[in-house]
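Chemist: fold the following and give me the result.
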Amino acid sequence: MEGTKLLPKTRVHEDRLTWIPLQMLTGIETANQYIVQNAMGQTIYSAAEDSGFCMRNLCGYLRSFEMLIVDNYGTQVMEMHRPLKCQFPCGLQRLDVMAPPGTLIGFVEQKWHIAPRYRIKNSIGDEIFFLKGPLCTCNLCCGDVEFNVFSSRDKSQVGRIAKKWGGLGRELFTDADIFGIEFPLDLDVNMKAVLLGACFLIDFMYFEDNADRNRTRDTAIYECRGEWD
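Modeler: Down below sits the predicted model:
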């Protein structure tokens, strides 16, 4: 897990879009790209979705993908895999996190519920955390959308994943989102990586399919609050 030791405390960094992306012009769904930054605004990782053209444009936010994560030297340090599943109880969502690539360190598993609910598990399937999201995830109140992280042992809240409100212009006309992740400073580095994976899955599940607003998904910026040892 050498590559996952790079993330110190972080803060929000604004990404200003000064171009007209391809999807806005054509309606064609393009692969997602992300950057992860620390508290000083420095890029720590870059992540890119690897999925097929037909998968993106026919399956939408439910599509399967590989998420390839590299450091600033271009070295791949993590890989995440999401299989293709439907939204029925027999096909709940899952995302596997591997670091180094090929070595499973944990996974995110959806729990059937009317509101967003997810389990964070280690490599042998033990539940470490669970996530609770709001029934409405559409920023109607022009504020952050929070997914709280709770310990499975004592049910106490230990962190959160939040989709930051980016302002009316960003929310209406772009899909360049900002997310925040908060976790305990002494949390195992593997579980920190799995929480990052949960952030990606949440983005796909609740903030990806916005064709009704003619938004385009190209770049999202994640902030990660906490210490990565």
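Chemist: please count neighbours and contacts with C-alpha atoms only from this point.
Modeler: Fine.
Chemist: model confidence over stretch 164-172, on average?
Modeler: For stretch 164-172, mean pLDDT is 53.
Chemist: pLDDT at the closest residue to Gly102 other than its chain neighbours, what is it?
Modeler: With CA to CA, 6 or more residues apart in numbering as the criterion, Gly102 has its nearest non-adjacent residue at 7.6 Å, and that residue is Glu79. As predicted, Glu79 sits at a pLDDT of 96.
Chemist: for this protein, give me the ranges with low pLDDT.
Modeler: 1-29, 38-39, 87-90, 137, 139-142, 165-176, 209-229 (pLDDT under 70).
Chemist: host element of Met205?
Modeler: helix 189-207 (DSSP states H and E).
Chemist: typo on my end, Met55
Modeler: Using DSSP H and E, Met55 maps to helix 53-59.
Chemist: what's the first helix or strand after that helix?
Modeler: Following helix 53-59 in sequence, per DSSP H and E, is strand 65-71.
Chemist: what are the pairing partners of that following strand, and which direction each?
Modeler: strand 43-50 (antiparallel), strand 76-82 (antiparallel) (DSSP bridges).
Chemist: can you pull out the helices in this protein?
Modeler: 22-26, 53-59, 168-173, 189-207 (DSSP state H).
Chemist: out of these, flag the one nearest Met40.
Modeler: Smallest distance to Met40 across the helices of the chain (CA to CA): 18.7 Å, for helix 189-207.
Chemist: in the closest one, what counts as buried?
Modeler: For helix 189-207, the neighbour count (16 or more other CA atoms under 10 Å) marks 189-205, 207 as buried.
Chemist: ok, the closest residue to Met98 other than its chain neighbours - how many residues close by?
Modeler: Leaving aside its sequence neighbours, Met98 sits nearest to Leu104 (CA to CA, 6+ apart; 4.3 Å). Neighbourhood size, Leu104 [other CA atoms under 10 Å]: 18.
Chemist: show me the contacts for Leu104.
Modeler: 96-98, 123 (CA atoms under 8 Å, 6 or more residues apart in numbering).
Chemist: most neighbours out of these, which is it?
Modeler: Of the contacts of Leu104, with other CA under 10 Å as the count, Val97 tops at 29 neighbours.
Chemist: could you pull up the residues touching that residue?
Modeler: 78-81, 104-107, 193-194, 197.
Chemist: which of those residues sits closest to Gly60?
Modeler: For the contacts of Val97, the nearest to Gly60 is His81 (16.0 Å; CA to CA).
Chemist: would you mind confirming that that closest one makes contact with Leu95?
Modeler: Yes. At 5.6 Å, His81 counts as touching Leu95 under the criterion of CA atoms under 8 Å.
Chemist: before we move on, the earlier item: sort out for me which of the contacts of Leu104 are in strands.
Modeler: 96-98 (DSSP state E).
Chemist: kindly reformat those residues as JSON lines containing distance to Ser156.
Modeler: Shown next, in JSON lines, are these (distance: CA to CA, whole Å):
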{"residue": "Asp96", "distance to Ser156": "25"}
{"residue": "Val97", "distance to Ser156": "24"}
{"residue": "Met98", "distance to Ser156": "27"}
